[in-house]
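>>> any chance you could fold what I've pasted below:
(chains A, B and C)
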Amino acid sequence: MNEQLQQNLKQMEISKFQNDLVQWFIREQRDLPWRKDSDPYKIWVSEIMLQQTRVDTVIPYYERFLEKFPTIEAFADADDESVLKIWEGLGYYSRVRNLHSAVKEVVSQYNGKVPNTLKDISKLKGVGPYTAGAVLSIAYGVPEPAVDGNVMRVLSRILLIYEDIAKQSTRKIFEDAVREIIDRDHPSYFNQALMELGALICTPTSPSCLLCPVREHCIAFSVGAEKDLPIKTRKKSTKHVDLIAAVLKTDNGKYLIRKRPSKGLLANLWEFPMVEDGNFMQMRTALTNYLEKEIKVNTQLETGTFTKVDHVFSHLTWAINVFAGTVSGDIKLEDNYLLVTKEELEEYAFPVSHQTIWKTYKEKYHL
DNA sequence: TAAACGTGGCA
DNA sequence: TTGCCAAGTTT
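Here you go, the predicted model:
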């Protein structure tokens, strides 16, 4: 921690700041489903879902998840396919794979009780420094920092911190600051209040300083620098990938789908067969050849594509041209391929891009 | 340390 | 339309 920050912390009226912040939170907090219950398992699930994901997006997923898996034991017993299916569309799928693995660990090694120490909870898959602090403070009242993007933004303004919050190493600076100012009598309220303030008042662009309960403690406001903070360097633009996909049907009404590899992008999700690279016609041929060579099917694609799906990921974009077609012959499928009925298909988890393909297919072909 | 890892909302 | 943003973690 640099000297200027120590100086700013020293001049802060910490006790009054804590009180202003916590009382505001008690008064103004949103009514959110994960605030109805202090079950550590439920807090944990909510924290994983909320990683890089908006509250409004999470709410319905959270409700469905806990309806299906109301206890930690119920989730530990779930099969992998249903686990992925309930996360379908939420993104960052390694979150749920890690959560499932970690929950099984808690059930087998901790008798189903979520660890309440930093040392133990941090060993769990998918539990990084933020989530560890969040679960410990919110579920157990342990005064650990829970530093997320909100907290870095809010504190960079209040304490006038010009460190680049895009750099991972910067988080430690804010954790040290939180250790100095956290309300040790109300760590759950305090941590949630910092995040809630970031979500409702101290927003990224045009913060509502005139409504801010801790305005009088904010150095950036006092010097008119609130809109210059936080410092965050931009990341580079995404790369572009062209693909060809095919929705292929057998003469007895089944569809050919395949499971993606267990690592990397959209791991373990299902998709319609795709190939990438090359120009349009090469790719069309490549897809047909691939299917005929690798899984011994005869394919007949319609002449033109029936849809094009552009899908933007955080680090790349897919442009998928999609054919409809048929498969026939003596079909010998590789392990990762499957022939399923229309009804069965919808039991499997697909990425949003392929959900879109399927939806369009059903509309065009009147299914 | 930087890049990978999803998706949808918004200016 | 494009880029940024949202309760981060893993490799």
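>>> local confidence estimate at the residue in the stretch 101-250 of chain A positioned nearest to DNA strand B?
Scanning the stretch 101-250 of chain A for the residue nearest DNA strand B gives A:S169, at 3.9 Å (criterion: Cβ to the nearest atom of the strand). C-beta: built from backbone N, CA, C; applies to glycine. At A:S169, the model reports a pLDDT of 92.
>>> residues near the residue in the stretch 251-367 of chain A that DNA strand B sits nearest to, how many?
Closest to DNA strand B within the stretch 251-367 of chain A is A:S314: 3.1 Å, counting by Cβ to the nearest atom of the strand. By the other Cβ atoms under 10 Å criterion, the neighbourhood of A:S314 contains 9 residues.
>>> near DNA strand B, which residues of chain A are found?
A:52-54, A:56-57, A:89-94, A:167-169, A:205, A:235-236, A:264-267, A:311-316, A:351-353 (Cβ under 7 Å from any atom of the strand).
>>> which ones among the residues you listed are found in strands?
Helix and strand membership here follows DSSP state E; of these, those in strands are A:311-312, A:316.
>>> filter these down to the buried ones.
When burial is judged by neighbour count using 16 or more other Cβ atoms under 10 Å, the buried members of these are A:H311.
>>> would you mind writing the CA trace of the strand or helix carrying A:K172 as PDB?
Assignment of secondary structure by DSSP states H and E places A:K172 within helix A:170-181. Output for helix A:170-181, consisting of C-alpha atoms alone and laid out as PDB, is shown next (Å, rounded to 0.1, in the frame of the first residue of the first chain):
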ATOM      1  CA  THR A 170      -4.500  -4.300  -8.200                       C
ATOM      2  CA  ARG A 171      -7.100  -6.300  -6.300                       C
ATOM      3  CA  LYS A 172      -4.700  -6.800  -3.400                       C
ATOM      4  CA  ILE A 173      -4.400  -3.000  -2.900                       C
ATOM      5  CA  PHE A 174      -8.200  -2.800  -2.400                       C
ATOM      6  CA  GLU A 175      -8.300  -5.900  -0.100                       C
ATOM      7  CA  ASP A 176      -5.700  -4.100   2.100                       C
ATOM      8  CA  ALA A 177      -7.900  -1.000   2.100                       C
ATOM      9  CA  VAL A 178     -11.000  -3.000   3.000                       C
ATOM     10  CA  ARG A 179      -9.100  -4.700   5.900                       C
ATOM     11  CA  GLU A 180      -8.600  -1.200   7.300                       C
ATOM     12  CA  ILE A 181     -12.100   0.000   7.000                       C
END
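>>> quick check: A:V322 is in a strand.
Yes - in this structure, A:V322 lies within a strand as judged by DSSP: H, G, I helix; E, B strand; the rest coil.
>>> got the contact list for it?
Each residue near A:V322 by Cβ atoms under 8 Å, 6 or more residues apart in numbering is listed here: A:244-247, A:272, A:305-309, A:357, A:360-361.
>>> closest one of those residues to A:A177?
Of all those, A:A177 sits closest to A:V309, with 44.7 Å by Cβ to Cβ.
>>> neighbours around that closest one, how many?
Counted with other Cβ under 10 Å, the burial measure for A:V309 works out to 19 neighbours.
>>> and it, its phi and psi?
Recorded main-chain torsions at A:V309 are phi -110, psi 120, according to degrees, to the nearest 10.
>>> what's the separation between A:S222 and DNA strand C?
Per Cβ to the nearest atom of the strand, to the nearest Å, A:S222 is found 22 Å from DNA strand C.
>>> and that residue, how many residues sit next to it?
A count of nearby residues for A:S222, using other Cβ under 10 Å, gives 12.
>>> kindly report the same for the one 10 residues further on.
A:K232 has 16 neighbours, counted by other Cβ under 10 Å.
>>> sorry, back to before: okay, now the residue of the stretch 101-250 of chain A closest to DNA strand B: neighbour count?
When neighbours are counted by other Cβ under 10 Å, A:S169 comes out with 8.
>>> which residues touch the closest residue to DNA strand B within chain A?
Distance from DNA strand B to each residue of chain A (Cβ to the nearest atom of the strand) is smallest for A:G91, at 2.7 Å. Taking Cβ under 8 Å, 6+ apart, we find A:G91 in contact with A:52-53.
>>> same thing but 7 Å
Listed by Cβ atoms under 7 Å, 6 or more residues apart in numbering, the contact partners of A:G91 are A:T53.
>>> cool, and A:V214?
Applying Cβ under 7 Å, 6+ apart to A:V214 gives the contacts A:17, A:20-21, A:158.
>>> I am finished for the moment; much appreciated.
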